[in-house]
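> I would like to see how this sequence folds:
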Amino acid sequence: MKHLEFAFTATDNTQLFAQSWEPIDPANQAPRALICLVHGFGEHSGRYAHVAQMMTDAGFIVSAMDQRGHGRSQGKRGYTPAYSQSLTDIGTFITTSQRRFPNLPTFLYGHSMGGNMVLGYTLFNRPQTLRGVISTSPWLRLTTPPPSSQVTGAKLISKIIPTFTITNEFEPLVLTHDPAVDEAYNSDPHNHGRMSAKLFFGVTENGEKIIQQASDFPLPLLLVHGTADPVTSHAASTEFAASAPKSTTTFKEWPDLYHETHNEPEQKEVIAYTIGWLNGQLNQTANTNKADAPA
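Numbering: from 1, shown residues only. Okay, the predicted model is just below:
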């Protein structure tokens, strides 16, 4: 596969890092689609290279951004001025990626905090250029919410010092069953554990709005969650899926898997399922176009 790194400028002039992986096809067949990927809290796009490898092997282009305050993008670690700015960043990222790889069906893929934001972006912005959405282990609610006393204190701090960040309590050891993944996470200099109260409340408050508006989700959706996720709430995803449009929503539960289903020992099966869903969406569209074609 062909790997490229690039940068783009957010609406507030923050420089954001991104990278892409393209299939190399000896038969010169056109890529099947463009996947725009948004990572989770504290991590970065480089942790998805193995996901991109399987997807490029299947004929897809993957373009992934580092969110502001994460990875190699600018911004104070763990801080964003507003949830709406994060959604605007995603929109700019999609547009930038589509300009680099034009005339391809586009799918938006997000994990954890990114999983929340791709749902929020789609619900609140109603994009017209996306074919579908993949949200894995979305942070709609946390499996174990922080004590109310901490929430009250964080709200006060957020009003007085909006940019103040603290170390979060997510332990890398609960992300997967694979010790090698945990070790790599701990030693990765591009990961961090800082979070501002502003970011926390932006994600959690909009997570509730996303659940409440699930019935209005406008695009085909693959929602993925491990049933043993100790970080983000599997129950919240179940609640969302129960209200989302049945004809266009696929809720895939992976029994006993933890937060990063794509990094579990079963990762090849997990990623292959996602690729199968993508192919199904593309094949469905192709069949519809054939049916609509004049005789």
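> C-alpha from now on. contacts and neighbour counts both.
Fine.
> ranges for the helices of the chain?
49-57, 83-100, 113-125, 148-160, 179-187, 197-212, 234-243, 267-292 (DSSP state H).
> list the contacts for Gly91?
Under the criterion of Cα atoms under 8 Å, 6 or more residues apart in numbering, the neighbours of Gly91 are Tyr121.
> ugh, typo on my part, it should be Phe217
Neighbouring residues of Phe217 by Cα under 8 Å, 6+ apart: Thr122, Leu123, Ala244, Pro245.
> How many residues are close by the third one?
One way to gauge burial is a neighbour count; for Ala244, by other Cα atoms under 10 Å, it gives 22.
> Please tell me I have it right and it contacts Ser215.
Yes: using Cα atoms under 8 Å, Ala244 is in contact with Ser215, at 4.3 Å.
> Would you point to the one among the helices of the chain that's packed deepest?
Most buried of the helices of the chain by mean neighbour count (mean count of other Cα atoms under 10 Å) is helix 113-125; its value is a mean of 23.
> pLDDT added to the contacts of Phe217, as TSV?
Output for the contacts of Phe217, formatted as TSV (pLDDT from 0 to 100):
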residue	pLDDT
Thr122	99
Leu123	99
Ala244	99
Pro245	99
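> what's the farthest-apart pair in these?
Thr122 and Pro245 (13.9 Å; Cα to Cα).
> now stretch 13-33: how far from the chain's centre is it?
Stretch 13-33 has its C-alpha centroid displaced from the chain centroid by 17 Å (Cα atoms, centre = their mean, to the nearest Å).
> again with stretch 159-166
On Cα atoms, centre = their mean, the centre of stretch 159-166 falls 25 Å from that of its chain.
> Show the end-to-end separation of that stretch, please.
Using Cα to Cα, to the nearest Å, the end-to-end distance of stretch 159-166 comes to 15 Å.
> average pLDDT across stretch 276-286?
Taken as a whole, stretch 276-286 has an average pLDDT of 92.
> For that stretch, which outside residues touch it?
Contact with stretch 276-286 is made by Gly132, Leu222, as judged by Cα under 8 Å, 6+ apart.
> ok, back up a step: in a markdown table, list the helices of the chain along with distance to Pro31.
Formatted as a markdown table, the helices of the chain follow (distance: least, Cα to Cα, whole Å):
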| stretch | distance to Pro31 |
| --- | --- |
| helix 49-57 | 9 |
| helix 83-100 | 13 |
| helix 113-125 | 23 |
| helix 148-160 | 45 |
| helix 179-187 | 30 |
| helix 197-212 | 32 |
| helix 234-243 | 30 |
| helix 267-292 | 12 |
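> mean pLDDT for those helices: which is lowest?
Mean pLDDT across these is lowest at helix 148-160; the value there is a mean of 74.
> helices or strands next to it in the packing?
With contacts defined as 3 or more Cα pairs under 8 Å, 6 or more residues apart in numbering; DSSP states H and E, helix 148-160 has these neighbours: helix 197-212.
> list the helices and strands the helix it packs on packs on?
Against helix 197-212 (3+ Cα pairs under 8 Å, 6+ apart) you get helix 83-100, helix 113-125, helix 148-160, helix 234-243.
> That helix vs helix 113-125, what angle?
60 degrees (axes from the mean of the first three to the mean of the last three Cα atoms, to 10 degrees).
> mind starting the numbering at 3 from now?
Okay, residue one is now 3; in that scheme the one you just asked about reads as helix 199-214.
> Just give me how far helix 199-214 sits from the chain centre.
Taking the mean of its C-alpha atoms, helix 199-214 sits 15 Å from the chain's own mean (Cα atoms, centre = their mean).
> Now it - C-alpha only, PDB.
Presented in PDB, the C-alpha positions along helix 199-214 are these (Å, rounded to 0.1, in the frame of the first residue of the first chain):
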ATOM      1  CA  ALA A 199     -13.300  19.600  31.500                       C
ATOM      2  CA  LYS A 200     -14.600  21.500  28.500                       C
ATOM      3  CA  LEU A 201     -13.800  18.500  26.300                       C
ATOM      4  CA  PHE A 202     -15.300  16.100  28.800                       C
ATOM      5  CA  PHE A 203     -18.600  17.900  29.100                       C
ATOM      6  CA  GLY A 204     -18.700  18.600  25.300                       C
ATOM      7  CA  VAL A 205     -18.600  14.800  24.600                       C
ATOM      8  CA  THR A 206     -20.800  13.600  27.500                       C
ATOM      9  CA  GLU A 207     -23.600  16.200  27.000                       C
ATOM     10  CA  ASN A 208     -23.700  15.700  23.200                       C
ATOM     11  CA  GLY A 209     -23.600  11.900  23.800                       C
ATOM     12  CA  GLU A 210     -27.000  12.300  25.500                       C
ATOM     13  CA  LYS A 211     -28.300  14.400  22.600                       C
ATOM     14  CA  ILE A 212     -27.100  11.700  20.200                       C
ATOM     15  CA  ILE A 213     -29.000   9.000  22.100                       C
ATOM     16  CA  GLN A 214     -32.100  11.200  22.200                       C
END
